[in-house]
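Student: give me coordinates for this.
(chains A and B)
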Amino acid sequence: MTSAPGSTPGRSTTEVQPLPSDLLTINMGPAHPATHGTLRLQLQLDGETIVNCGAEIGYLHRGFEKQAENCQYQLVIPYAERLNYMGPVHNSNAWCHACEGLLGIEAPPRAQALRVITSELARIIDHAVCIGTNLVDMGALTNFWYMYNYREKIYDLMEELTGARMMVNYPRIGGVCLDAPDGWLESVVRVMADMQEVVAEVSGLVSRNRIFMDRTQGVGVISKEMAISHSVTGPCARAAGINWDLRKSQPYWGYDKLNFEVPVETAGDTYARTMVRFREMEESRKLVLQAITSIPGGAVMVTDHLVALPPKDKVYNTMEGLINHFKLIMHGIRPPRGEFYSATEGGNGELGYYIVSDGGPNAWRLRIRPPCFANYSVFPKIITGQLVADAVAALGSINIIAGELDR
Amino acid sequence: MMTEADVAAKVQERFGGRILAANAFRGQSVVTIAPKDLREVLLFLRDTLAFEWLIDVGGVDYLGYDDGPGKDEREWRFEVVYAMLSMANNVRFRVKVAVADESVTVPSVWDLWAIANWEEREVWDMYGIVFEHHPNLRRILCHDEFVGHALRKDYPITRRQKLSAPSENILCDRSEIA
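Tutor: Model (predicted):
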């Protein structure tokens, strides 16, 4: 490359020879701050450019599906919450929903509304953590504190409702375990009022920020075709222009009666994914408020004692109550023989439970369809050809939760 | 509006005698086929019935499963379940492949849906079912040194194994990410 006449004065006119270089193979993870869990990436680098890459998962594999085959249906509820531990209660809500589908029953309307409220709160904290930590990876620490500070308020709400903060063990097959305490719904409304301010503050700091845009636009692009081929769902798919949300298209828990939008972007890059999450948090806020306004009265559990425990005064004072209680604890819930697939919209996409029942108290087979597994399978493809720093930014925006990835 | 039963009827019509079993439960339909017909059935679903998505692939071990009084014992031990989703028609459908034992191989579909690459690796890892023409059929969740297949019904839940060495090279084959 010789400089043409009229080029910058003072520049050397000798030819620039590329330096001879070997490819460098490095490991990123399994214990790397940017992996937020235990993921291992092996990158083959030419300078800072990734020319080949491999992803190894399974570091958090704890045999969830095997465990679930060896315990009663209702004992899976606390395990399920350890799947996507960033929005725990949605997993158990969805698990109880799947069992109800297998049994052919439905939770009472009030329980369904409480599930909508808790699941949307879970989505808000899931997205808050995803955006916050993704920005930390890119060097923007302030947003992380804003988001985590807000997350604490939602954890306080969960504590008020259930007594636990993260792993709340709240839903039951056939409803939820407790009705909301007095004044809880009003507290939720108050906390929701603060949310707009937090989201406005964080999105104000980043969405038109030149550094953030340069770091994220065109980085880690998942195209529409790639998303379909890799079965990518949730915010990552919606950022790629796929207008699909199970709450809208295959509604459950009365989502069809609530008014909300499905945010869709077209670029499919890290920036688009962040923007979709910001807008989804706002939609979730609207859903929570609507669910609170329209919450019906009545029971929060079904009364069928083949599924639900009888009230304590019946257990202690009537023979039938005692027998029902004993049978349900010792012999469990027994759905009919058959197989059932139930899908709900989790924080990261389609969370599916495929249950095969042999009529016994344990699932013969429980297969989880975790959204992260599919979302992460596209990752080696989208970072090949990009810089190492871009891989970090893209990884955070896909929001890989090792708990559900490895099960 | 298409229902799962409509899809099952169309698949029955097209493949008729090659369907080993067809079941419906709580509005969900599923057909069971032989491994050799898998690609043809999935392509029919994708190209004719607009099932763009392969949502999930999972294995099931039916060793010791009781089909209920009056039912014959299954002729196959394993099933591989392909959960399909059509966004265009807003309908789901499942196709199951009957795998008599571990000597039977199933054709890979990773060239039709990229997600099948990892999903099939998981089925191999957990059940030891071999997928033909898979580019990289290694364990995915369990350790490389793990012996046996953890989700088989004859693998005891209490078994412990000592596993130590890290995998040296986990880079993709370039064709996998092309």
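Student: now the helices for chain B?
Tutor: Here chain B has its helices, by DSSP state H, at B:4-15, B:38-47, B:115-127, B:174-177.
Student: give me the distance between the lengthiest helix in chain A and the centre of its chain.
Tutor: Longest helix in chain A, counting residues (DSSP H): helix A:109-137. Put simply, helix A:109-137 sits 8 Å off its chain's centre (C-alpha atoms, centre = their mean, to the nearest Å).
Student: so for whichever helix or strand comes after it, what's the average pLDDT?
Tutor: Sequence-wise, the next helix or strand downstream of helix A:109-137 (DSSP states H and E) is helix A:141-162. Per-residue pLDDT values over helix A:141-162 give a mean of 90.
Student: and for stretch B:67-79?
Tutor: Average pLDDT, stretch B:67-79: 80.
Student: quick one on the thing from earlier: now do the longest helix of chain A against helix A:141-162, angle only.
Tutor: Orientation note: helix A:109-137 sits at an angle of 160 degrees relative to helix A:141-162 (axes from the mean of the first three to the mean of the last three C-alpha atoms, to 10 degrees).
Student: check which helices and strands helix A:109-137 sits against.
Tutor: Packing partners of helix A:109-137 (3 or more C-beta pairs under 8 Å, 6 or more residues apart in numbering or on different chains; DSSP states H and E): helix A:88-103, helix A:141-162, strand A:171-172, strand A:175-176, helix A:184-206, helix A:270-293, helix A:388-398. Yep, even glycine has a C-beta here, placed from its N, CA and C like the rest.
Student: again, 7 Å this time
Tutor: helix A:88-103, helix A:141-162, strand A:175-176, helix A:184-206, helix A:270-293, helix A:388-398 (3 or more C-beta pairs under 7 Å, 6 or more residues apart in numbering or on different chains; DSSP states H and E).
Student: what about those, which gets the closest to residue A:117?
Tutor: The closest of the helices and strands packed on helix A:109-137 to residue A:117 is helix A:270-293. By C-beta to C-beta, the value is 5.1 Å.
Student: buried residues in that closest one?
Tutor: Using 16 or more other C-beta atoms under 10 Å in any protein chain shown as the test for burial, helix A:270-293 gives A:270-285, A:287-292.
Student: tilt between that helix and helix A:141-162?
Tutor: Between helix A:270-293 and helix A:141-162, the angle comes out at 30 degrees (the same axes, to 10 degrees).
Student: please state the offset of helix A:270-293 from the chain centre?
Tutor: Relative to its parent chain, helix A:270-293 has a centroid offset of 13 Å by C-alpha atoms, centre = their mean.
Student: after that helix, which helix or strand is next?
Tutor: Later in the chain than helix A:270-293, the nearest helix or strand by DSSP H and E is helix A:312-317.
Student: can you give me the buried ones in that next one?
Tutor: Buried positions in helix A:312-317, judged by neighbour count with 16+ other C-beta under 10 Å: A:314-315.
Student: just the C-alpha atoms of it, please, in PDB.
Tutor: Listed in PDB are the C-alpha atoms of helix A:312-317, where the atom choice follows Å, rounded to 0.1, in the frame of the first residue of the first chain:
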ATOM      1  CA  LYS A 312     -56.200 -27.100  58.900                       C
ATOM      2  CA  ASP A 313     -59.400 -27.000  61.000                       C
ATOM      3  CA  LYS A 314     -60.800 -29.800  58.800                       C
ATOM      4  CA  VAL A 315     -57.600 -31.800  59.200                       C
ATOM      5  CA  TYR A 316     -57.700 -31.500  63.000                       C
ATOM      6  CA  ASN A 317     -61.500 -31.900  63.500                       C
END
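Student: check which helices and strands whatever helix or strand comes next after it sits against.
Tutor: With elements assigned by DSSP H and E, the helix or strand that comes after helix A:312-317 is helix A:319-331. If contacts are counted by 3+ C-beta pairs under 7 Å, 6+ apart, helix A:319-331 sits against helix A:312-317.
Student: not counting its own residues, what contacts the helix it packs on?
Tutor: For helix A:312-317, contacts defined as C-beta atoms under 7 Å, 6 or more residues apart in numbering or on different chains pick out A:321-322, A:325.
Student: got it, and stretch A:113-132?
Tutor: By C-beta under 7 Å, 6+ apart, the residues outside stretch A:113-132 that reach it are A:84, A:86-90, A:93, A:143-144, A:147-148, A:150-151, A:154, A:157, A:170-171, A:176, A:180, A:188, A:202, A:253-255, A:274, A:277, A:280-281, A:284, A:287-288, A:291-292, A:295-296, A:300, A:347, A:399.
Student: okay, the helices and strands packed on helix A:109-137 in TSV with distance to residue A:230 next?
Tutor: Formatted as TSV, those follow (distance: least, C-beta to C-beta, whole Å):
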stretch	distance to residue A:230
helix A:88-103	22
helix A:141-162	28
strand A:175-176	35
helix A:184-206	27
helix A:270-293	15
helix A:388-398	11
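Student: so for residue B:124, which of those sits nearest?
Tutor: Among these, the nearest to residue B:124 by C-beta to C-beta is helix A:388-398 (24.8 Å).
Student: list the buried ones in the closest one?
Tutor: For helix A:388-398, burial by neighbour count (16+ other C-beta under 10 Å) applies to A:388, A:390-398.
Student: repeat that for stretch A:146-155.
Tutor: In terms of neighbour count (16+ other C-beta under 10 Å), stretch A:146-155 has its buried residues at A:146-147, A:150-151, A:153-155.
Student: near chain A, which residues of chain B?
Tutor: Where proximity means C-beta under 7 Å from any C-beta of the partner chain, the interface of chain B facing chain A comprises B:25-26, B:28, B:30, B:52-56, B:58, B:60, B:65-66, B:68, B:81, B:83, B:87, B:90, B:92, B:94, B:113-115, B:117-118, B:140-142, B:150-151, B:157, B:167, B:170-172, B:174, B:177.
Student: among those, which lie within strands?
Tutor: Within the residues of chain B next to chain A, residues falling in strands by DSSP state E are B:25, B:28, B:30, B:53-56, B:58, B:60, B:81, B:83, B:92, B:94.
Student: of the residues you listed, grab the buried ones for ChimeraX.
Tutor: A single ChimeraX command selects the buried members of those (16+ other C-beta under 10 Å):
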select /B:28,30,53,54,55,56,58,60,81,83,92,94
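Student: and residue B:88, how close does it get to chain A?
Tutor: Distance, residue B:88 to chain A, by C-beta to the nearest C-beta, to the nearest Å: 11 Å.
Student: of all residues in chain A, which one is nearest the centre?
Tutor: Centroid check for chain A by C-alpha atoms, centre = their mean gives residue A:347 as the closest residue, at 2.8 Å.
Student: just give the closest residue to it, not the sequence neighbours.
Tutor: Spatial nearest neighbour of residue A:347, chain neighbours left out: residue A:126 (3.4 Å); criterion: C-beta to C-beta, 6 or more residues apart in numbering or on different chains.
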